[in-house]
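Trainee: compute the structure for the input listed below.
(2 chains)
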Number of protein chains: 2
Amino acid sequence: MTRDDIARHLRSIVGPNGVKEADALRLVHPGSDARNLDAGLMVTPATTQQVADILRFCNDHRIAVVPHGGRTGLAGGAVSSEGEVILSLAGLNRIESLSASAATAIVEAGVTLHTLQEAAAKEGLSTGIDIASRGSATIGGMIATNAGGMEAFRHGVMRQRILGLEVVLADGSIMRDMSEVSKCNEGYDLKQLFIGAEGTLGVVTRAVVKLTAADAFTATALVACPSATDAVTLFQALQRDRGIHLLRAEFMAHDYFHLASQSLGPASLAAFTQAPAYLILETDDPDQPTARSRLEEALGLAIERGQVVDAIIAQSEKERNAIWNIREDSSVIDRNCPYCHWFDISVPLGALETWLQQFNGGIAALGSEFRGFAFGHLGDGNLHIGVAGETAWPDKERAKAIIYANLRKMGGSFSAEHGIGLEKRPELISEGDPVKLNLMRMVKQALDPHGIMNPGKVIG
Amino acid sequence: MTRDDIARHLRSIVGPNGVKEADALRLVHPGSDARNLDAGLMVTPATTQQVADILRFCNDHRIAVVPHGGRTGLAGGAVSSEGEVILSLAGLNRIESLSASAATAIVEAGVTLHTLQEAAAKEGLSTGIDIASRGSATIGGMIATNAGGMEAFRHGVMRQRILGLEVVLADGSIMRDMSEVSKCNEGYDLKQLFIGAEGTLGVVTRAVVKLTAADAFTATALVACPSATDAVTLFQALQRDRGIHLLRAEFMAHDYFHLASQSLGPASLAAFTQAPAYLILETDDPDQPTARSRLEEALGLAIERGQVVDAIIAQSEKERNAIWNIREDSSVIDRNCPYCHWFDISVPLGALETWLQQFNGGIAALGSEFRGFAFGHLGDGNLHIGVAGETAWPDKERAKAIIYANLRKMGGSFSAEHGIGLEKRPELISEGDPVKLNLMRMVKQALDPHGIMNPGKVIG
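Mentor: Just a heads-up that it's a prediction; the model follows:
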């Protein structure tokens, strides 16, 4: 079939405005990673039934389908190629219902996280999950990648926020498993297969999302610690402190904080005490003065215990934003060191210090022209790591050897929250359990026998 | 192969003492449901490798295998028949490690919940999950059934407590997915397939269990409410109260509490105020007087608001035990009404009152010789329901019709935490989504092509 034939048939399903081609597509999505749009053909259905009709057509004609949410993925899961069809979920963008009494929302896959966060906040609720790309990332995409983010240590990753799921399979059949309850054991929990499958087994169209009670006020501190171990000990003490309601605990190793604060400012943060480890701690509370005074008190005790060498508590929203900007605008690394390989790992908290020492030693041995940047979500031991050069690429295989050394033995993971996509496939094959890999291929073959679902990603 | 041949081969794998037959078997396990032991042949391996060797042998010879944990299941998942082999995990009973700093434990499948709870408590930690059969129920069995219990609204069900899993597949291959971190996206999360599969896809041999910080002291109250809606509203208010750390919130409808308290005593509880709905509320706190005084204060406010008509706060461990005994010894119903059909459902909290009214109306219409008993875990909307007669069986299909009416439409589930086993298979087929059922059969066929794993249970 020619692209014209395919486009014509897709228009018969979704109407004339639901299909965009080539140049028009790039005009409409100017900010996207160019590789994501290489298919040159995007269909945007408005209903689950249209998704089903599209998949049935594509399956019958062996046309590859690349599902797109907000295109904020970091592992190449949305990359498309000539001859494929991009299936955008942007048209399935309704919050169907939100129950304050049950603390659940029923949403279509294309709803952005930020839209759901705002709707939940009106009822005094939270999604219990937050990521920096909240304005574009969609619930469907976050389900497909099992997103994690900053509040996962308290509220769980996306898998734990999903009570029910509707998925369209490769052959166009629709699995409706829209339970609204936490306890539901109705045979194999197949929705778990689609959560984190990055669109390679089916297309998520609707979900029941668990919400959680939220407090109105937060207190935010930037903290310098003498070591990663002290940061972990402080985190665990705050988690056990019933007067403190820890919502976020972001970690930054020295080199990340130093470069980001120098580059992004303001001067007050750029001049903050030098230390091996930094934390951004955020608590929530029904009352603003209580939130701040309790955090202040807890940090005062931590200073006395020697776990903290210096701390700043944000006194205004402006100060809070400045602190968060240093953590969230991590592209500051790429701007300063354009030759950067990125990694996304989990390390059990008990092994964090050992891993960091191993990492720092390894980077030093790479040579003085290369630098290592580590930061991430402390509570999950989830580190994002850049191994970077200002003028030349560091050797990727050597960087991998440093970062993955002993990681499996420590109980950690080479793929924490960004998924496998295209880019982690070598790691999946080299680090993954062979029996599990075989099972994955078996499941892929059973659910998508013609291999039309996001081919080349994950295991397909 | 004769049973003797099979027994001889199994002894060559596990040694002479690892295989029990017929009468010896019944002597060793006198308390078990007789149907569980009908196979008349039980093998008890001591290592994962022995489990693998047993399954490979049984798969090669098409011998059905029924995995046994603590045999506390309530849906017939451990029932065995002549010609089958019972595979007991009782010999895999070691806690391999417990890390206080990472709040994780690596355990073999046969460790009982109570054993793990005691080990965790020594480090100020909790398993975050508790069920009445804690003394016998094993971690492996709780994984196989995705157990829930009393603390699930706070800490999640078993699925949320498992970071890593080792599973032996039907062909004897071993899937090792023993991650010790919360964020781990290494392709399809296949361990989720085995959690809740009731031993029909493979045998769980080891797991990484997430632990949680625990407080030393609890306060316990028995509370009478004017309606289920008031009970729900009170529960939600306590959940949002940052001074209260709600650990358990068990619901009992009038008829359950009345019969259980009359039958079990003591007199003080048997004489407690009559009301449509009762709660047992339990909080934890680092400090005993604080725990009690805060619960007392919160309940005082609830009485003022009219959400509570009467409350007793336990003043001693003896009083606490008496209150819990009324909820946990639910076999009191069977002893009083021996003709009892049991159900296990979830109802979204927003629909609980509606469902209960529908239930009470339906039971009344069955005739005065029959009674309905509802109780369970309020936070999850998880109700255990007995429809019972003192002298004759109520019609099971009519009972189902009452209980399942509108349940799916409400977003609830016909199978909350006890699983499908043998006994819920009719419901699974009649209530389950047909596309999901097809996928389940496909997965079963792919993972266990000869159908040796716990045949006849769930979908097999």
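
Trainee: only alpha carbons, please: show stretch A:355-375 as PDB.
Mentor: The C-alpha trace of stretch A:355-375 is given here as PDB (Å, rounded to 0.1, in the frame of the first residue of the first chain):
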ATOM      1  CA  TRP A 355      28.200   3.000  44.000                       C
ATOM      2  CA  LEU A 356      29.000   6.700  44.000                       C
ATOM      3  CA  GLN A 357      32.600   6.100  45.100                       C
ATOM      4  CA  GLN A 358      32.900   3.500  42.300                       C
ATOM      5  CA  PHE A 359      31.400   6.000  39.800                       C
ATOM      6  CA  ASN A 360      33.600   8.900  40.900                       C
ATOM      7  CA  GLY A 361      36.700   6.800  40.700                       C
ATOM      8  CA  GLY A 362      35.800   5.500  37.200                       C
ATOM      9  CA  ILE A 363      35.100   8.900  35.900                       C
ATOM     10  CA  ALA A 364      38.400  10.300  37.200                       C
ATOM     11  CA  ALA A 365      40.200   7.400  35.400                       C
ATOM     12  CA  LEU A 366      38.500   8.400  32.100                       C
ATOM     13  CA  GLY A 367      40.700  11.500  32.000                       C
ATOM     14  CA  SER A 368      40.400  15.100  33.100                       C
ATOM     15  CA  GLU A 369      38.500  16.200  29.900                       C
ATOM     16  CA  PHE A 370      35.400  14.100  31.000                       C
ATOM     17  CA  ARG A 371      33.000  14.700  33.800                       C
ATOM     18  CA  GLY A 372      30.300  12.700  35.600                       C
ATOM     19  CA  PHE A 373      27.000  14.200  36.700                       C
ATOM     20  CA  ALA A 374      24.700  12.300  39.100                       C
ATOM     21  CA  PHE A 375      21.300  13.500  40.400                       C
END
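
Trainee: just how off-centre is that stretch within its chain?
Mentor: 24 Å (CA atoms, centre = their mean, to the nearest Å).

Trainee: residues making contact with that stretch?
Mentor: Residues outside stretch A:355-375 that contact it (CB atoms under 8 Å, 6 or more residues apart in numbering or on different chains) are A:228, A:250-253, A:255-257, A:259, A:327, A:330, A:333, A:337, A:340, A:347, A:383-392, A:394-395, A:398-399, A:401-403, A:405-407, A:410, A:412. Using the backbone N, CA and C atoms, a C-beta is placed for each residue, glycine as well.

Trainee: among those, name the ones in strands.
Mentor: In strands, judged by DSSP state E, the following of the contacts of stretch A:355-375 are found: A:E250, A:F251, A:M252, A:A253, A:C340, A:L383, A:H384, A:I385, A:G386, A:V387, A:A388, A:G389.

Trainee: and A:I244, that one's in a strand?
Mentor: No. A:I244: not assigned to a strand; according to DSSP: H, G, I helix; E, B strand; the rest coil it is coil.

Trainee: need the contact list for it.
Mentor: A:L238, A:T283, A:R294, A:L295, A:A298.

Trainee: among these, which pair sits farthest apart?
Mentor: A:L238 and A:R294 (9.9 Å; CB to CB).

Trainee: show me whatever sits in contact with both of these two.
Mentor: The overlap between the contact sets of A:L238 and A:R294 (CB under 8 Å, 6+ apart) consists of A:I244, A:T283.

Trainee: that older thread, and which of the ones in strands among the contacts of stretch A:355-375 is nearest B:I143?
Mentor: For the ones in strands among the contacts of stretch A:355-375, the residue nearest B:I143 by CB to CB is A:L383; the value is 28.6 Å.

Trainee: how about the closest one, nearest residue that isn't a chain neighbour?
Mentor: Once flanking residues are discounted, A:L383 sits nearest to A:G376: 4.2 Å by CB to CB, 6 or more residues apart in numbering or on different chains.

Trainee: hmm, back to that, give me the buried subset of the contacts of stretch A:355-375.
Mentor: A:228, A:250-253, A:255-257, A:259, A:327, A:330, A:333, A:337, A:340, A:347, A:383-389, A:394, A:398-399, A:402-403, A:407, A:410, A:412 (16 or more other CB atoms under 10 Å in any protein chain shown).

Trainee: roughly how far apart are A:G149 and A:L439?
Mentor: A:G149 is 28 Å from A:L439, where distance means CB to CB, to the nearest Å.

Trainee: and the residue most central in space within chain A, how close does it get to A:H384?
Mentor: Centroid check for chain A by CA atoms, centre = their mean gives A:A147 as the closest residue, at 4.0 Å. Distance of A:A147 to A:H384, given as CB to CB: 14 Å.

Trainee: can you pull the buried residues of stretch A:106-119?
Mentor: Buried, per 16+ other CB under 10 Å, within stretch A:106-119: A:106-117, A:119.

Trainee: identify the residues contacting A:T48.
Mentor: A:T48 sits next to A:L92, A:E166, A:V168, A:I174, A:T205, A:R206 when contact means CB under 8 Å, 6+ apart.

Trainee: and it, backbone torsions?
Mentor: phi -60, psi -40 (degrees, to the nearest 10).

Trainee: the one 3 residues further on too?
Mentor: In this entry, A:V51 is assigned phi and psi values of phi -60, psi -40 (degrees, to the nearest 10).

Trainee: with A:L55 instead?
Mentor: phi -70, psi -40.

Trainee: ok, now which ones touch it?
Mentor: Neighbouring residues of A:L55 by CB under 8 Å, 6+ apart: A:V65, A:L87, A:V168, A:L169, A:A170, A:D171, A:G172, A:V203, A:I452.

Trainee: swap in A:L259?
Mentor: By CB under 8 Å, 6+ apart, the contact list for A:L259 reads A:V332, A:I333, A:N336, A:F373.

Trainee: over to A:S101?
Mentor: Contacts for A:S101 were tallied using CB under 8 Å, 6+ apart; they are B:V232, B:Q236, B:L349, B:G350.
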